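Asks: I'd like to go over a predicted model; first the sequence, then the structure.
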Amino acid sequence: MRDEPERVYWSPESIPRQWAARALDSGDPDAIVNALIRLTYHESDWRWVYDQCARFVSHPDANVRRNVAICFEMLARFHEALEIRNAVPLLEKLSNDTDSSVAVEAQDSIDAINLVLGPKGLDK
């Protein structure tokens, strides 16, 4: 059995962009993850959310990196318009992460995005 972090599921509430920006700039991994997830679910400007997620692909905390992969997948699912040509290299980088939980989540996200967007996602 792999040593994976405990997953906690919760219903994310919306977050004002200025609060999210403070959380994202705080350096606190839990605050960053919380803000990214809440933005992914509720912020109408998905491109801005995508850019925020991309900022944290190389974050030192594995939980932040793992949740970046999840958020990319959720953006694809919710909007079916993720600029996949930009996300795939980021997810591929994460799929080679030294933390196996990040690598597995990133590969799962790549597979899910390909399933959701199909060939049209790769042509953007």
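Replies: Happy to help now that I have it.
Asks: Enumerate the positions of the helix or strand hosting W48 that are buried.
Replies: Taking DSSP states H and E as the criterion, W48 maps to helix 46-55. Residues of helix 46-55 classed as buried by neighbour count (16 or more other CB atoms under 10 Å): W46, V49, Y50, Q52, C53. All C-beta spots, glycine's among them, are computed from the backbone N, C-alpha and C.
Asks: Show me what the helix ranked longest in the chain is packed against.
Replies: Assignment by DSSP state H gives helix 100-122 as the longest helix of the chain. Helices and strands touching helix 100-122, by 3 or more CB pairs under 8 Å, 6 or more residues apart in numbering; DSSP states H and E, are helix 62-79, helix 84-95.
Asks: Can you say which of those is nearest to Q107?
Replies: helix 84-95 (4.6 Å; CB to CB).
Asks: Just the buried residues of the closest one, please?
Replies: For helix 84-95, by 16+ other CB under 10 Å, it's I84, A87, V88, L90, L91, L94, S95.
Asks: export those residues to JSON lines and tack on pLDDT and distance to G118?
Replies: Converted to JSON lines, the buried residues of helix 84-95 look like this (pLDDT from 0 to 100; distance: CB to CB, whole Å):
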{"residue": "I84", "pLDDT": "64", "distance to G118": "10"}
{"residue": "A87", "pLDDT": "84", "distance to G118": "15"}
{"residue": "V88", "pLDDT": "84", "distance to G118": "14"}
{"residue": "L90", "pLDDT": "94", "distance to G118": "20"}
{"residue": "L91", "pLDDT": "95", "distance to G118": "16"}
{"residue": "L94", "pLDDT": "97", "distance to G118": "22"}
{"residue": "S95", "pLDDT": "97", "distance to G118": "20"}
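Asks: Tell me the one among these nearest to S101.
Replies: Using CB to CB, the buried residues of helix 84-95 come closest to S101 at L94, 10.7 Å.
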